[in-house]
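# Task: produce atomic coordinates for the following.
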Amino acid sequence: MNRKSVFRKQQLRFMTLNLLAFSVIFTIFGFIIFNQVQSTLFSKTDEGMMNFKEMMVENPFREKRIPPNREEQPRRPDSRGPNPNPRIIVLDWNENGEIVNEDQIGTLLYENHFDNYTVDAENLNTFTNITFDEAYTFRYLLFEDENPSDEVAYTQLLVNIDPEQTIIENFGRLLIVCSLIFIILSISASYYLSKKMMKPIIQSWNKQAEFVENASHELRTPLTIIQNKLELMLTAPHEKIMNKFENIALSLSETRRLSKLTSDLLTLARADSAELQLSKQTIPIDSFISNTTAPYKEIAESQDKYLWLDLNSNMNMEADESRIHQLLVILLDNALKYTEEKDSVGVKTYLEDQKVVIEVSDTGVGIKEENIPHIFDRFYREDKARSRETGGMGLGLSIAQWIVASHSGTISVLPNKRQGTIFKVKLPK
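Predicted coordinates for the structure are as follows:
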């Protein structure tokens with residue numbers, strides 16, 4: 001299975017998961033909204049029937065089933081609830097399942113809707129919907145009559161809910177249309193998000209492949225040199241060591257280079273896996289830099305170069321001493337490698353934005369502006385021929401960047417005003 005098919009399969013999996021997540025969320029959201037709208041529409045109707053029921057229970061006389069008007073009986077200050085809903089129809093049923101208040105209902109209404117209607121006594125004290133003639137929908141509340149002096153066994157309160165039902169049906173259709181639109185949008189959004197999710201995976205894959213390729217190349221070169229020199233020495237087993245001095249020296253040089261490369265690769269691998277832990281302690285930054293750079297002053301003098309210090313950060317910093325030392329070594333090594341005789345290398349410290357700033361500058365060949373964004377990439381070398389001569393492998397600045405980032409700092413590259421390069425490191429105190 002090639003790389004493209006793997007990426008395509010993974011992207012399809014991400015797209016499916018995103019679409020499923022969107023669908024589940026929207027389905028739950030639509031269900032909640034639909035039920036909320038439905039319950040809100042029926043709440044007023046149900047409340048009106050409950051008030052009517054309470055009024056009828058309090059007034060058990062059959063001739064007073066219809067609420068008295070203001071002229072017959074003034075409303076008491078402590079009477080419960082508002083006047084009953086005028087939409088309510090009252091049906092009184094006897095034990096035989098017959099309507100006994102046909103006169104109060106009205107002949108036309110009775111003959112058109114309730115003539116063949118039978119009561120279902122199982123739905124007591126429950127709000128229930130029923131449809132007449134497949135055209136009119138009513139909501140009713142059925143309860144037992146508590147007055148033993150009349151022939152009424154059950155009382156049924158009905159309210160026509162056609163307007164509410166129309167609203168619910170229209171809202172349901174609207175939800176279906178919105179769902180179809182949402183499915184189309186979800187597919188587009190899922191495809192877009194899956195592509196966005198695949199980007200870091202593809203970048204990581206490409207970086208890993210490039211890293212393995214570059215590491216293999218860097219490891220192959222010194223191993224090939226060592227193997228060739230040793231095989232050459234085996235062709236003359238009786239030769240004296242002094243006659244093979246150059247071969248031995250070159251093999252040792254490549255061995256040291258190989259050892260440093262594997263050490264750097266191990267450092268970066270552990271950094272990527274977050275295996276490396278910092279051991280922070282209080283460091284007097286100026287005196288620490290002064291001690292670290294002391295050996296490099298002698299190296300600079302031996303190369304007819306000048307190393308100067310301008311330390312203006314007389315304070316302490318919480319950091320990993322060994323890693324900050326490694327950072328300075330990397331920057332100073334680079335500065336000395338890419339400077340010529342009579343050039344200068346400087347280390348400067350000061351405070352900026354409540355952070356410690358360490359600048360390592362040189363007056364060497366500098367870095368081309370178009371190459372600056374790539375100098376922290378692993379195995380990147382601006383001048384590969386010269387890097388081979390100086391022993392560079394393009395890992396030092398990657399390690400330097402990791403050290404700075406692990407201390408929550410930043411590292412940047414600036415062109416020197418005169419000539420060369422300035423590496424600016426900002427670290428929290």
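# what number of residues lie near the nearest residue to residue 254 once chain neighbours are set aside?
With CB to CB, 6 or more residues apart in numbering as the criterion, residue 254 has its nearest non-adjacent residue at 3.9 Å, and that residue is residue 222. All C-beta atoms are positioned from the backbone trio N, CA, C, and that covers glycine. Neighbours of residue 222 under the rule other CB atoms under 10 Å: 19.
# Remind me which helix or strand residue 222 belongs to.
Of the helices and strands defined by DSSP states H and E, residue 222 is found in helix 162-234.
# Moving C-terminal from that helix, which element do we reach first?
Scanning forward in sequence from helix 162-234 by DSSP H and E, the next helix or strand is helix 245-272.
# Show me the shaky parts of this structure.
When residues are selected by pLDDT under 70, those of the chain lie in 1, 59-85, 107-108, 110-111, 214, 217-218, 273-276, 382-393.
# Helix, strand or coil: sort out the residue sitting furthest away from the middle of it for me.
Ranked by distance from the centre of the chain (CA atoms, centre = their mean), the top residue is residue 149, with 71.4 Å. Classification of residue 149 into helix, strand or coil gives coil, according to DSSP: H, G, I helix; E, B strand; the rest coil.
# Then residue 377?
coil.
# Measure how buried it is and give me the count.
Neighbouring residues of residue 377 were enumerated by other CB under 10 Å; the total is 16.
# Could you find the closest non-adjacent residue to it?
On the basis of CB to CB, 6+ apart, the spatially nearest residue to residue 377 that is not a chain neighbour turns out to be residue 398, at 7.0 Å.
# check contacts around that neighbour.
Neighbour list for residue 398: 268, 376, 377, 378 [criterion: CB atoms under 8 Å, 6 or more residues apart in numbering].
# Break the chain into its domains for me.
Domain ranges of the chain: 3-168, 280-428, per automatic domain parsing.
# Looking at those, spot the one closest to residue 199.
The stretch from these with the least distance to residue 199 (CB to CB) is domain 3-168; that distance is 10.2 Å.
# Can you give me the end-to-end span of the closest one?
Domain 3-168 has an end-to-end distance of 52 Å (CA to CA, to the nearest Å).
# do stretch 333-347 as well
Chord length of stretch 333-347, first to last residue, is 13 Å (CA to CA).
# Can you give me the buried ones in it?
In terms of neighbour count (16 or more other CB atoms under 10 Å), stretch 333-347 has its buried residues at 333, 334, 335, 336, 337, 338, 339, 343, 344, 345, 346, 347.
# just stretch 362-379 next, same as before
Using 16+ other CB under 10 Å as the test for burial, stretch 362-379 gives 362, 363, 364, 365, 366, 367, 375, 376, 377, 378, 379.
# Output it as PDB, nothing but the C-alphas.
Taking C-alpha atoms only, stretch 362-379 is exported to PDB below (Å, rounded to 0.1, in the frame of the first residue of the first chain):
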ATOM      1  CA  ASP A 362      29.800  37.400  14.300                       C
ATOM      2  CA  THR A 363      31.300  39.300  11.300                       C
ATOM      3  CA  GLY A 364      31.600  36.200   9.100                       C
ATOM      4  CA  VAL A 365      30.000  35.300   5.800                       C
ATOM      5  CA  GLY A 366      26.400  35.700   7.100                       C
ATOM      6  CA  ILE A 367      23.300  33.900   6.000                       C
ATOM      7  CA  LYS A 368      21.300  34.600   2.900                       C
ATOM      8  CA  GLU A 369      17.900  36.100   3.600                       C
ATOM      9  CA  GLU A 370      16.100  33.400   1.600                       C
ATOM     10  CA  ASN A 371      17.800  30.700   3.700                       C
ATOM     11  CA  ILE A 372      16.900  32.100   7.100                       C
ATOM     12  CA  PRO A 373      13.500  30.400   7.400                       C
ATOM     13  CA  HIS A 374      15.200  27.000   6.900                       C
ATOM     14  CA  ILE A 375      18.300  27.200   9.100                       C
ATOM     15  CA  PHE A 376      16.600  25.500  12.100                       C
ATOM     16  CA  ASP A 377      15.500  22.600   9.900                       C
ATOM     17  CA  ARG A 378      17.200  19.300  10.600                       C
ATOM     18  CA  PHE A 379      20.100  18.500   8.400                       C
END
